[in-house]
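**Student:** predicted coordinates and the sequence they were generated for:
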Amino acid sequence: MKKDVLKYLTVCAALASTHGILAQTALNYEVSALGSGASGAFAPYFIGSMNGSRIVRKGHALMDAGVSVDLDRSKRFSWAAGAEIITGYSTANDYDRWDGAWSSNVNRPSAVWIQQLYGQIKFRGVQLTVGQRDAVSAILPQELTSGDLTRSGNARGVPGASVGFIDFQDIPFTNGWVQIDGVVDYGMFTDTDFRAKQFNYYTGLLTGNTYYTYKRCYFRTKPTVPFSVTLGMQTAGQFGGWTEYYRLGTMYRDDRRGFRVADVFKMFFPIEGNGNGFYEGNSLGSWDFKARYLLKNGDALTFAFQWPWEDGSGIGHRNGWDGLYGLYYQSSNKGLISGAAVEWVDFRNQSGPIHLEPGDFPGTDLNVHTTGGDNNYNNDTYASYTNYGMAIATPILVAPVYNLNGCSYFLHNCARGLHMALTGYIIPSLGYTLKYSWQQAWGMGRKPSPYCMIDNSILADVRWDMSALAPGWRLGAQVAVDAGRLRGDNFGAMVSISYSGSFNFKK
């Protein structure tokens, strides 16, 4: 019997190899060990952001192991898969908790968690991905930007399924001068227990079993000519699940929405969900634009902006100059300067601080609807646009995970900031990245802070590729500083060592 099974598996492997299924690519693997520490309650801003929530807390001693098979885009049919598991020790934080009296609630990350687990298939220019995978900005340079305003890769990926183009595809009859890219993604948050452990149960919202959607559509002019333009929209949303409403230690409302197939379609093209003019779920996104110019040596100069919108009131861009505006330089050469960025991010308008729906005040003479008070990344039903407490969009706004009072909102989303980044190579095997951020924040539009809070953050990062001495090995070190009332005074450092390689299935 065992011989028959072995023979069967051998035949299957041979057939797979013949049809290019196993022979298409190599199995990549990487194992990393890292340790970090900080003087504050959490890792400094630049160490704790844009890493898929891998590093957030004050201290870590972690082992990160992953395997992957990449797509072969030269083939008509191709597949990819990946898995990443992180285990180790992370420090805990004490969050305020109300249970008839105030106390401290200890909350720390799990000792083991799945960071990524996904499978992907491609046919021609179309792909289907199922599982949990890290996200990256669809329009901004990931290694330089402060973070995309819709989906940045700052938070852990949301498990789900996405279908769309594998990359930009030529639109027929345009001779390659106009291309299109798009994706539709639906998933479900898995952070219900995390939210329950962080929440204070005194005032605010506690949500759980929430569903997620993300969509984008971009158009791009011909990228092989020196000047190319990309424009389009991203949209994301939360729907379904349940919400508990608390006031002064008492739950006064409990909404159990669950999941309905009709909600999937209502979130694709949001439509009014009740007679008071409200829409289903929480929808947000950004209008995106990028203009890129290629120099004769292949280096690229780019100007990009993103205009955020929230629940429809900002789609018509009625929120002033709110948005992200960036200038970028990128080179494929390992020179002293291979990349640079300057970004200005502003969230001070948000369509104004006033939002009035007459249905909220029955029996009064208020009968005029006023649309405003966007309250970016906060929502009166789903609390905040986060996953495991971290911002799914830009990390430049202080996320709820940092609220030791147990609040589930972005408390300082009325803010502006300057972000600068520089990256390059001192020698071909020794790379560096420098980042600086300056921020001001004034609380929320409807609940302003009594004073302006400022933060200055700095990062110095070095990476040594040891392949010349020990193939596959890399060392890394980061030092970061926060100074100011917004994030607090904090000094932190992180070191890592990793080994990577691949098994090739080709004969």
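**Tutor:** Yes, it's here. Residues are numbered from 1 along each chain as shown.

**Student:** near Asn367, how many other residues are there?
**Tutor:** When neighbours are defined as other CB atoms under 10 Å, Asn367 has 8 of them. (Each C-beta comes from the backbone N, C-alpha and C, glycine too.)

**Student:** that one in helix, strand or coil?
**Tutor:** When classified by DSSP: H, G, I helix; E, B strand; the rest coil, Asn367 comes out as coil.

**Student:** shouldn't it be in contact with Gly359?
**Tutor:** No: counting by CB atoms under 8 Å, Asn367 stays clear of Gly359, with 10.2 Å between them.

**Student:** which residues touch Asn456?
**Tutor:** Tyr436, Ser437, Trp438, Gln439, Asp482, Ala483, Gly484 (CB atoms under 8 Å, 6 or more residues apart in numbering).

**Student:** partners of the helix or strand where Gly237 lies in the sheet?
**Tutor:** Here Gly237, judged by DSSP states H and E, is contained in strand 227-239. Using DSSP bridges, strand 227-239 pairs in its sheet with strand 211-221 (antiparallel), strand 282-294 (antiparallel).

**Student:** export those to CSV and tack on mean pLDDT?
**Tutor:** Shown next, in CSV, are those (pLDDT from 0 to 100):
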stretch, mean pLDDT
strand 211-221, 97
strand 282-294, 96
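
**Student:** phi first, then psi, for the closest residue to Pro471 other than its chain neighbours.
**Tutor:** Once flanking residues are discounted, Pro471 sits nearest to Gly501: 8.0 Å by CB to CB, 6 or more residues apart in numbering. Main-chain torsions, Gly501, degrees, to the nearest 10: phi -170, psi -170.

**Student:** now do the helices in the chain.
**Tutor:** 2-18, 192-198, 261-268 (DSSP state H).

**Student:** quick revisit: return the closest of the contacts of Asn456 with respect to Ser137.
**Tutor:** In terms of CB to CB, no member of these lies closer to Ser137 than Ser437, at 16.9 Å.

**Student:** residue contacts, that closest one?
**Tutor:** Counting by CB under 8 Å, 6+ apart, Ser437 makes contact with Tyr45, Phe46, Ser146, Ile396, Gly417, Leu418, His419, Met420, Asp455, Asn456, Ser457, Ile458.

**Student:** what do you get if the cut-off is 7 Å, keeping everything else the same?
**Tutor:** Neighbouring residues of Ser437 by CB atoms under 7 Å, 6 or more residues apart in numbering: Tyr45, Ser146, Gly417, Leu418, His419, Ser457.

**Student:** and these as CSV, adding neighbour count?
**Tutor:** As requested, those are exported to CSV (neighbours: other CB atoms under 10 Å):
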residue, neighbour count
Tyr45, 27
Ser146, 28
Gly417, 23
Leu418, 16
His419, 23
Ser457, 25
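
**Student:** now the phi/psi pair for the nearest residue to Gly406 once chain neighbours are set aside, please.
**Tutor:** Excluding the flanking residues, the one nearest Gly406 by CB to CB, 6+ apart is Asn200, at 2.8 Å. The phi/psi pair for Asn200 (degrees, to the nearest 10) reads phi -90, psi -10.

**Student:** quick check: the closest residue to Gly285 other than its chain neighbours vs Gly100, distance?
**Tutor:** Nearest non-adjacent residue to Gly285, counting by CB to CB, 6+ apart: Thr235, 3.6 Å away. Thr235 is 42 Å from Gly100, where distance means CB to CB, to the nearest Å.

**Student:** more crowded one of those two?
**Tutor:** The neighbour comparison of Thr235 against Gly100 (other CB under 10 Å) goes to Thr235, with 19 against 7.

**Student:** and of the contacts of Ser437, the nearest to Ser104?
**Tutor:** Once CB to CB is applied, the member of the contacts of Ser437 that ends up nearest Ser104 is Tyr45, at 24.3 Å.

**Student:** do I have it right that that closest one meets Gly484?
**Tutor:** No: at 10.2 Å, Tyr45 and Gly484 do not qualify as touching, with contact defined as CB atoms under 7 Å.

**Student:** and the strands in the stretch 351-500 of the chain, which stretches?
**Tutor:** Counting by DSSP state E, counting those that start in this stretch, one finds strands in the stretch 351-500 of the chain at the ranges 378-379, 383-384, 386-387, 390-391, 415-427, 430-443, 448-465, 473-483, 490-504.

**Student:** Asn403: which of these is closest?
**Tutor:** Nearest to Asn403, of the strands of the stretch 351-500 of the chain and by CB to CB, is strand 383-384 at 9.8 Å.

**Student:** name the surrounding residues that touch that closest one.
**Tutor:** Contacts of strand 383-384 (CB under 7 Å, 6+ apart): Leu205, Thr207, Tyr377, Asn378, Pro400, Ser408, Tyr409, Phe410.

**Student:** list only buried entries from these.
**Tutor:** Leu205, Thr207, Tyr377, Asn378, Pro400, Ser408, Tyr409, Phe410 (16 or more other CB atoms under 10 Å).

**Student:** contacting residues around the nearest residue to the fourth one once chain neighbours are set aside?
**Tutor:** Spatially, and ignoring its direct neighbours in sequence, Asn378 is nearest to Tyr409 (4.9 Å; CB to CB, 6+ apart). Tyr409 makes contacts with Gly204, Asn378, Ala383, Ser384, Pro400, as judged by CB under 7 Å, 6+ apart.

**Student:** also Tyr451?
**Tutor:** Contacts of Tyr451 (CB under 7 Å, 6+ apart): none.

**Student:** could you check the pLDDT of it?
**Tutor:** On pLDDT, Tyr451 comes in at 92.

**Student:** before we move on, what about Met420?
**Tutor:** Taking Met420 on its own, its pLDDT is 98.

**Student:** again with Phe259
**Tutor:** Model confidence at Phe259 (pLDDT) stands at 89.

**Student:** same deal with Thr87?
**Tutor:** 98.

**Student:** also Ala16?
**Tutor:** 43.

**Student:** going forward, count from 508.
**Tutor:** Shifting the count to begin at 508 puts that one at Ala523.

**Student:** need the contact list for the spatially closest residue to Tyr536 that is not a sequence neighbour.
**Tutor:** Closest residue to Tyr536 apart from its sequence neighbours, by CB to CB, 6+ apart: Val574 at 4.8 Å. Val574 is in contact with Leu534, Asn535, Tyr536, Gly589, Ala590, counting by CB under 7 Å, 6+ apart.

**Student:** quick one, which of these are buried?
**Tutor:** For those, buried by 16+ other CB under 10 Å: Gly589, Ala590.

**Student:** quick check, nearest of the contacts of Val574 to Gly559?
**Tutor:** Distance to Gly559, by CB to CB, is smallest for Gly589 among those, at 12.9 Å.

**Student:** can you tell me how far that closest one is from Asp641?
**Tutor:** 9 Å.

**Student:** okay, and the common contacts of the two?
**Tutor:** Shared contacts of Gly589 and Asp641, counting by CB under 7 Å, 6+ apart, come down to Gln623.

**Student:** wait, doesn't Trp605 sit right on Gly756?
**Tutor:** Yes: contact criterion CB under 7 Å: Trp605 and Gly756 qualify, at 5.1 Å.

**Student:** who touches both of these two?
**Tutor:** Tyr709.

**Student:** between those two, which one's more packed in?
**Tutor:** Neighbours per residue (other CB under 10 Å) separate Trp605 from Gly756, with Trp605 holding more: 18 against 14.

**Student:** not including adjacent chain positions, what is the nearest residue to the more buried one?
**Tutor:** Tyr709 (3.8 Å).

**Student:** and the one you found, what pLDDT?
**Tutor:** 96.
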